[in-house]
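Chemist: my questions are about this predicted structure, shown below with the sequence.
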Amino acid sequence: MGEKSSNVEATTDDKRTDRKFLITGLLVGVAMVLLWLGNWYVLKDHAEPGPFGDQFGAINALFSGLALAGVVLAIFMQKHELQLQRKEMDETQALMEQQKFESMFFQMLRLHGDVVDSMYSGHLGNVKGREALSVFEKFFRETVQKTSMPPDNEIGRTVRLLFDRHRVQLDVGHYFRNMYQIVKFIDDRDDTVAKQRYANIVRAQMTHSEQVLLLFNCLSTYGNERFKPLVNRYSLLEGVRPDPAHDKLRHLYDERAFDESIPLDQGVQP
């Protein structure tokens with residue numbers, strides 16, 4: 001919305017500048033014609049040809065000055081045209097970059113969809129795709145609920161051991177690595193507002209089971225260092241329902257991870 005408003009204001013300013021140049025040029029032209037007609041009217045009945053001709057020296061000097069003013073005006077108009085061309089080139093370049101980003105982004109989402117479709121629950125049952133992720137989430141959530149959690153500074157290692165001991169990481173590791181690359185690709189953009197919008201698109205692709213698995217994964221040493229800050233920043237856990245298994249771990253995330261409306265400057269945890 002802000003970008004559209006800026007473009008409208010810029011277009012309005014350009015139109016005003018063009019109008020000023022046009023009015024200035026017309027006024028100069030009218031002034032030249034009026035001066036010439038005025039001198040002709042005053043001097044047309046002059047009896048002496050010599051003095052009559054001398055009067056045109058001043059007129060010629062005036063016209064020369066006006067011609068110089070016209071050249072200066074033309075230079076300024078040319079400079080303005082060059083500025084407009086440069087602005088159009090910058091806008092075209094920005095549009096091309098936007099299209100390039102979106103093409104890559106949606107291609108990455110399609111590839112992620114292929115990763116999800118290829119998921120297989122293996123030793124937990126013969127199911128595939130998102131259903132397999134639901135099986136992993138249910139199994140891991142029940143396992144965590146039965147596990148006595150250590151102090152906060154040791155939870156990362158404990159959750160990782162749970163992932164490894166039950167072979168969950170072997171089955172879902174590729175899923176989380178691919179998702180991390182998508183979110184990191186978004187985070188590398190410069191536009192903060194657009195980054196959150198694209199992150200919301202990623203979040204919209206996730207089921208509740210996938211969000212819960214992401215919650216556990218980013219508490220383990222597999223995702224704590226690099227992925228967890230992005231989960232906090234872009235509220236990728238918004239919509240996760242309360243549950244005894246992960247409620248006791250919720251405090252390890254910033255509240256923004258669960259609520260996008262919380263401002264970023266209220267202390268996102270590293």
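Modeler: Here it is on my side, so go on. Residues are numbered from 1 along each chain as shown.

Chemist: starting at the chain centroid, how far to the lengthiest helix in the chain?
Modeler: In the chain, taking DSSP state H as the definition, the longest helix is helix 49-118. Relative to the chain's own centre, helix 49-118 is displaced by 25 Å; criterion: Cα atoms, centre = their mean, to the nearest Å.

Chemist: where in this structure is pLDDT low?
Modeler: Under the criterion pLDDT under 70, the flagged ranges of the chain are 1-22, 24-26, 28-66, 68-69, 166, 265-270.

Chemist: run the last query once more with 90
Modeler: The chain contains residues with pLDDT under 90 at 1-99, 118-130, 132-133, 135-174, 189-194, 216-217, 219-224, 241-251, 260-270.

Chemist: related to what we said a few turns ago, other SSEs contacting the next helix or strand after the longest helix of the chain?
Modeler: Counting by DSSP states H and E, the next helix or strand C-terminal to helix 49-118 is helix 129-146. Packing contacts for helix 129-146, counted by 3 or more Cβ pairs under 8 Å, 6 or more residues apart in numbering; DSSP states H and E, involve helix 49-118, helix 152-165, helix 168-187, helix 208-217, helix 244-247. Just so you know, the C-beta spots here come from the backbone N, C-alpha and C atoms, and that holds for glycine as well.

Chemist: in the fourth one, what's buried?
Modeler: Buried residues in helix 208-217, counted by 16 or more other Cβ atoms under 10 Å: 209-217.

Chemist: what kind of secondary structure is the closest residue in space to residue 159 that isn't next to it in sequence in?
Modeler: Leaving aside its sequence neighbours, residue 159 sits nearest to residue 220 (Cβ to Cβ, 6 or more residues apart in numbering; 4.0 Å). Following DSSP: H, G, I helix; E, B strand; the rest coil, the label given to residue 220 is coil.

Chemist: what about the closest residue in space to residue 183 that isn't next to it in sequence, which helix or strand?
Modeler: The shortest distance from residue 183 to any non-neighbouring residue, by Cβ to Cβ, 6+ apart, is to residue 230 (4.8 Å). Element membership for residue 230 (DSSP H and E) is helix 227-233.

Chemist: I'd like to know which elements that helix is packed against.
Modeler: Other elements packing on helix 227-233 under the criterion 3+ Cβ pairs under 8 Å, 6+ apart are helix 168-187.

Chemist: for the helices and strands packed on helix 129-146, which one sits closest to residue 237?
Modeler: Judged by Cβ to Cβ, the one of the helices and strands packed on helix 129-146 that comes nearest to residue 237 is helix 208-217, at 5.7 Å.

Chemist: chain center to the closest one, what's the gap?
Modeler: With Cα atoms, centre = their mean, you get 27 Å for helix 208-217.

Chemist: give me the angle between it and helix 168-187.
Modeler: 90 degrees (axes from the mean of the first three to the mean of the last three Cα atoms, to 10 degrees).

Chemist: what's helix 208-217 in contact with?
Modeler: Defining contact as Cβ atoms under 8 Å, 6 or more residues apart in numbering, one finds that helix 208-217 is touched by 130, 133-134, 136-138, 140-141, 144, 159, 163, 172, 176, 179, 203, 206, 223, 227, 231, 236-237, 239-241, 243, 246, 249, 253.

Chemist: stretch 140-158 too?
Modeler: 159, 162-163, 166, 168, 212-213, 216, 219-221, 224, 243-246, 248-249, 252.

Chemist: how many neighbours does residue 234 have?
Modeler: Residue 234 has 23 neighbours, counted by other Cβ atoms under 10 Å.

Chemist: my error: substitute residue 92 in the last question.
Modeler: Around residue 92 there are 10 other residues, counting by other Cβ under 10 Å.
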